[in-house]
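A.B. asks: 3D model of this:
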Amino acid sequence: MTPKTALGKKGEDAVAAWLQQYGFKILERNYQIREGEIDLIAVREEVVAFIEVKTRTTEYFPTSLVVNITKQRKIIKAAQWFVIKNNIIDKVLRFDVATVRFENERCHISYIKNAFMKQTR
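C.D. replies: Residues are numbered from 1 along each chain as shown. Purely as a prediction, here's the structure:
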C-alpha cells in the first residue's frame, strides 16, 4: 500500500467512525462500478448518504476544487447503480463530502451535507 493510499484509508476509517457516532450505519466502503466509485455509503433513518472523503496532511482546497464536476458525475452514476441494485425507493439520497486533515496525529473532519446535487436536464 502506498503512503497516499494508506492516508486515504486512514481518512475513510476516521469518517466512518465519526458517522457511526452520529447514528449512521455504513452500508458500503469503496463501492465501485466501471464509471465511478463512492468512498462511503451510509444510512440513518430516511437518509442514504453517498460520501466522498478527501484526506490531506495540509490545509484544504475549497470543496469546489476538491470534488470537481467530473468527479461529481462519477459519484452520481455509481450512486444510481447502487440505488437500482439495492431497490432503494423510500429514502432521501444525499451527496456529502468529508474533508479530513491529520496534524500531529490529530484528526480534523469537516463534513459538508448536500455538497452537490444530481443535475437534471
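A.B. asks: what about the chain, any weak spots by pLDDT?
C.D. replies: 59-65, 119-121 (pLDDT under 70).
A.B. asks: For it, just list every one of the strands.
C.D. replies: 25-33, 36-44, 47-56, 92-103, 106-116 (DSSP state E).
A.B. asks: got a list of what the closest residue to residue 20 other than its chain neighbours touches?
C.D. replies: In space, and not counting its chain neighbours, residue 20 is closest to residue 26: 6.8 Å by CB to CB, 6 or more residues apart in numbering. (Glycine included, C-beta is placed from N, CA and C.) Applying CB atoms under 8 Å, 6 or more residues apart in numbering to residue 26 gives the contacts 16, 19-20, 40-42.
A.B. asks: ok so, going back, which of the strands of the chain is buried the deepest?
C.D. replies: Counting by mean count of other CB atoms under 10 Å, strand 47-56 has the highest mean neighbour count of these, with a mean of 22.
A.B. asks: Now the terminal residues of stretch 31-50, how far apart.
C.D. replies: Length of stretch 31-50, first residue to last, CA to CA, to the nearest Å: 10 Å.
A.B. asks: Measure how far it is from the centre of its chain, please.
C.D. replies: 7 Å (CA atoms, centre = their mean, to the nearest Å).
A.B. asks: Need the residue closest to the centroid of the protein.
C.D. replies: Most central in the chain under CA atoms, centre = their mean is residue 51, positioned 1.7 Å from the mean C-alpha point.
A.B. asks: how close does that residue get to residue 104?
C.D. replies: Using CB to CB, to the nearest Å, residue 51 is found at 25 Å from residue 104.
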